[in-house]
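Undergrad: Build me a structure from this.
(one chain, ligands or ions: 3)
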Amino acid sequence: MKPSLRFVLGDQLTRGLSSLSDIEPGDVVLMAEVDEEATYVRHHQRKIAFLFAAMRHFAGELEAEGVRVDYIRLDGEDRAASFTQSLEMALKRHRVARIVVTEPSEWRVLEMMRGWEAAFGVPVELRPDDRFLCPWDEFPDLAGEGRTLLMETFYRHMRERTGFLMTADGKPEGGRWNFDAENRKPLPKRIAVPVRPVFEPDETTQDVLDLVAQRFGNHFGSLEDFDYPVTRSDAVRYLAWFVDTALPDFGTYEDAMRQGEPLLFHSHLSAVMNCGLLTPRECCEAVEASYRKAKAPLNAAEGFIRQIIGWREFIRGVYWREMPGYGTRNELGAERPLPDFFWTGETEMNCLAQAIGETAQHAFAHHIQRLMVIGNFCLLAGLSPSEVQEWYLVVYHDAYEWVEMPNVVGMILYADGGVFATKPYAASGNYINKMSDYCGHCRYDVKQRTGEDACPFNYLYWDFMARNRERLSRNHRMTRTISTLDRMDERKVAAMRRDAADFLGGLTSAGGY
Ligand code: FAD
Ligand code: DLZ
Ligand code: SF4
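TA: Numbers count the residues shown, from 1 in each chain. Ligands and ions are numbered 1, 2, ... in the order given. You can find the predicted model right below:
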């Protein structure tokens, strides 16, 4: 039988991937570093380096196993501009009976793949991506078909389906599905934050860092002190470190923020999971085992597992349910261009300067920074959903459209009109002050609502409510906020709206990085 060509994408670096499961001697695995993927948006330098390093190591491990790998390098003699071109090149080198691929994580690439059979005259076998725990076509049944999809409903089905944190008689461990109420504590002053293991770049990673510096050195962000795990074995070691060290406090301080601490007790597992070095199932298994051995409390284990089998799977389901077209939704008619400080970090708003500065340095910010600082600002300031989406896709090394888009369009901007968020996640400076120490280092006063020194989140919050009053007053979950607005002294509202207009009018936007 003629061999198969198995095309493995950069976010499919899993040995048990469906397209590799029945690999035979003589088959060829194709992997390609391509310009189009690195530049269709100008990804953060660290993100490209992370992914290329992980790809090269994965290819090396397959070769060490005796698998034939055709690896197209961006700095090689034979270069490919796109996935399609790399396939065309590979098909000239190898006579194959079929092309085997695992379904891609993005609509854009699925469209590309759908054209390959006709373009090359070779059968293309598209296999499901069973690293996800919920096949995307089963998602609507599990999430319900009501007007608003509910993560909590979906999550309970997923607990039952996977058996994670379930008792022998089919009940949720601890008698409750959700321990979120215990997971909203600000950080005590004296608590020590765990020190992360460092993964020094080896020769392969150093080559990639040099390549990225040379080819993409003008993209956003820094490559300095690159120390992320880029191999399967380092990722496994890193997961063990997280479970032993940070997990016990993960739940309690999940919503906290602290100046100069980009990670706190978060797992920092999203990037290794999204590119395939670890599977979501094995991460949940490690966390559950720690709980069963009484090393991690239930609020931590449940909180973590909910993020993975709940939020992560749910977000992916929303993406495939709503695509194509989801990215163009703009329910609130937000049109303001992205301010320049998103690229420079130069703003006097300390919380934003910290979160954006850490993003530039690490290609990472934790969830509450993404949601309640940066995301909240994007919502209140009425920034254009397409510009915000592009920014989030560029700057985080865990960002792929399937996960970035619903988080931006649905979770932070309410641009989909409530596919899964029951109301916009809007907050004033008070929330940021309660959950962080940022305000103590800020030139603005979080207690003031108007005037030169007032925290911009405060007047932007009320300006957002006033600007969208009509739309929001139809949402019963906004009734209290809208009636507070209606009861406010008109002069006070007018002053806040003037301050908001001055502030927003003073933002500069040169049009991207
Ligand atoms: P932890 O806090 O340790 O959480 C554990 C895991 O839960 C994460 O690794 C992640 O896999 C999963 N998870 C938690 N929340 C979500 C969520 N809302 N959606 C999907 N998975 C979730 N995550 C990405 O992986 N890629 C993105 O491009 C991305 N973009 C985001 C954009 C916005 C506007 C927001 C609000 C969130 C976004 N997230 C994204 C979700 C979340 O912020 C990151 O997964 C998390 O910060 C990664 O850090 P961690 O691994 O330390 O997470
Ligand atoms: C994000 C990314 C980048 C920057 N470069 C590549 C690449 O050169 N080759 C590759 O196979 N994948 C890359 N990726 C990840 C892809 O964009 C990702 O696999 C698809 O978006 C999935 O649909
Ligand atoms: Fe952010 Fe306002 Fe606090 Fe400054 S005062 S850090 S702008 S919330």
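Undergrad: so which residue of the stretch 201-350 of the chain comes closest to ligand 2?
TA: Nearest residue of the stretch 201-350 of the chain to ligand 2 (Cβ to the nearest ligand atom) works out as residue 275 at 7.7 Å. The C-beta positions use only the backbone N, C-alpha and C, and glycine is treated the same way.
Undergrad: try the stretch 301-450 of the chain
TA: residue 400 (5.6 Å).
Undergrad: burial count for that residue?
TA: For residue 400, the neighbour count with other Cβ atoms under 10 Å is 19.
Undergrad: sorry, back to before: which non-adjacent residue is nearest the residue of the stretch 201-350 of the chain closest to ligand 2?
TA: Spatial nearest neighbour of residue 275, chain neighbours left out: residue 11 (4.9 Å); criterion: Cβ to Cβ, 6 or more residues apart in numbering.
Undergrad: What count of nearby residues applies to the one you found?
TA: Neighbour tally, residue 11, other Cβ under 10 Å: 25.
Undergrad: For it, give me its contacts.
TA: 51, 105, 274, 275, 276, 400 (Cβ atoms under 8 Å, 6 or more residues apart in numbering).
Undergrad: got these as a markdown table, with pLDDT and secondary structure columns?
TA: Formatted as a markdown table, those follow (pLDDT from 0 to 100; DSSP: H, G, I helix; E, B strand; the rest coil):
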| residue | pLDDT | secondary structure |
| --- | --- | --- |
| 51 | 98 | helix |
| 105 | 97 | coil |
| 274 | 98 | helix |
| 275 | 98 | helix |
| 276 | 98 | coil |
| 400 | 98 | coil |
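Undergrad: If we only consider the residues you listed, which is nearest to residue 319?
TA: Within the contacts of residue 11, the smallest distance to residue 319 is 8.6 Å, found for residue 105 (Cβ to Cβ).
Undergrad: Now do the closest one against ligand 3, distance only.
TA: Residue 105 sits 34 Å away from ligand 3, going by Cβ to the nearest ligand atom, to the nearest Å.
Undergrad: wait, isn't that residue in contact with residue 404?
TA: No. Under the criterion of Cβ atoms under 8 Å, residue 105 makes no contact with residue 404, lying 10.8 Å away.
Undergrad: Quick check: residues of the stretch 301-450 of the chain near ligand 1?
TA: 304, 307-308, 311-312, 315, 366-367, 370-371, 375, 392, 396, 398-399, 403-404, 407-408, 411-412 (Cβ under 6 Å from any ligand atom).
Undergrad: can you list the residues of this structure near ligand 3?
TA: 349-351, 429, 432-433, 438-439, 442, 444, 446, 455-457.
Undergrad: Which one of those residues sits in the busiest neighbourhood?
TA: residue 351 (30 neighbours).
Undergrad: Quick check: chain neighbours aside, which residue is closest to that one?
TA: With Cβ to Cβ, 6+ apart, the residue lying closest to residue 351 is residue 438, at 4.1 Å.
Undergrad: OK, contacts around that neighbour?
TA: Per Cβ under 8 Å, 6+ apart, neighbours of residue 438: 257, 259, 350, 351, 354, 373, 432.
Undergrad: Return the set of buried residues in the lowest-mean-pLDDT helix or strand in the chain.
TA: When the helices and strands of the chain are scored by mean pLDDT, DSSP states H and E, helix 139-143 comes last with a mean of 86. Going by neighbour count (16 or more other Cβ atoms under 10 Å), the buried part of helix 139-143 is 139, 142, 143.
Undergrad: Specify which member of the residues you listed is nearest to residue 287.
TA: Closest approach to residue 287 among those (Cβ to Cβ): residue 142, at 21.6 Å.
Undergrad: Specify the local secondary structure of the residue nearest to residue 275.
TA: coil (DSSP: H, G, I helix; E, B strand; the rest coil).
Undergrad: and it, how far is that from residue 511?
TA: Separation of residue 11 from residue 511 (Cβ to Cβ, to the nearest Å) stands at 29 Å.
Undergrad: that older thread, counting by contacts, list what the least confident helix or strand of the chain packs against.
TA: Applying 3 or more Cβ pairs under 8 Å, 6 or more residues apart in numbering; DSSP states H and E, we find helix 139-143 packed against helix 151-162, helix 313-322.
Undergrad: right, so those helices: which one is the most enclosed?
TA: helix 313-322 (a mean of 22; mean count of other Cβ atoms under 10 Å).
Undergrad: how about the CA coordinates for that one, as PDB?
TA: Once non-C-alpha atoms are left out, helix 313-322 reads as follows in PDB (Å, rounded to 0.1, in the frame of the first residue of the first chain):
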ATOM      1  CA  GLU A 313     -14.600  23.300  26.200                       C
ATOM      2  CA  PHE A 314     -17.500  25.600  26.400                       C
ATOM      3  CA  ILE A 315     -15.600  28.400  24.700                       C
ATOM      4  CA  ARG A 316     -14.600  26.100  21.900                       C
ATOM      5  CA  GLY A 317     -18.200  24.900  21.500                       C
ATOM      6  CA  VAL A 318     -19.400  28.500  21.200                       C
ATOM      7  CA  TYR A 319     -16.700  29.200  18.500                       C
ATOM      8  CA  TRP A 320     -17.800  26.300  16.300                       C
ATOM      9  CA  ARG A 321     -21.500  26.900  16.900                       C
ATOM     10  CA  GLU A 322     -21.300  30.600  16.000                       C
END
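Undergrad: Between helix 151-162 and it, find me the angle.
TA: 110 degrees (axes from the mean of the first three to the mean of the last three Cα atoms, to 10 degrees).
Undergrad: Tell me if helix 313-322 is near ligand 2.
TA: No. Applying Cβ under 6 Å from any ligand atom, one finds helix 313-322 separated from ligand 2 by no less than 11.2 Å.
Undergrad: what helix or strand is residue 207 on?
TA: helix 203-216 (DSSP states H and E).
Undergrad: next one: phi and psi at the residue nearest to residue 351?
TA: phi -60, psi -40 (degrees, to the nearest 10).
Undergrad: And the pLDDT at it?
TA: Note on residue 438: pLDDT of 98.
Undergrad: go on, residue 55?
TA: With respect to pLDDT, residue 55 has a value of 99.
Undergrad: so what's it up against?
TA: 10, 13, 31, 33, 71.
Undergrad: Now that we have the residues of the stretch 301-450 of the chain next to ligand 1, which of them are buried?
TA: 304, 307-308, 311-312, 315, 366, 370-371, 375, 392, 396, 398-399, 403-404, 407-408, 411-412.
Undergrad: what's the span of stretch 258-270 from first residue to last?
TA: End-to-end span of stretch 258-270 (Cα to Cα, to the nearest Å): 20 Å.
Undergrad: how much distance is there from that stretch to the middle of the chain?
TA: Chain-centre distance of stretch 258-270: 14 Å, with Cα atoms, centre = their mean, to the nearest Å.
Undergrad: I'd like to know if that stretch reaches ligand 2 anywhere along the stretch.
TA: No. Using Cβ under 6 Å from any ligand atom, stretch 258-270 never reaches ligand 2; the gap is at least 13.7 Å.
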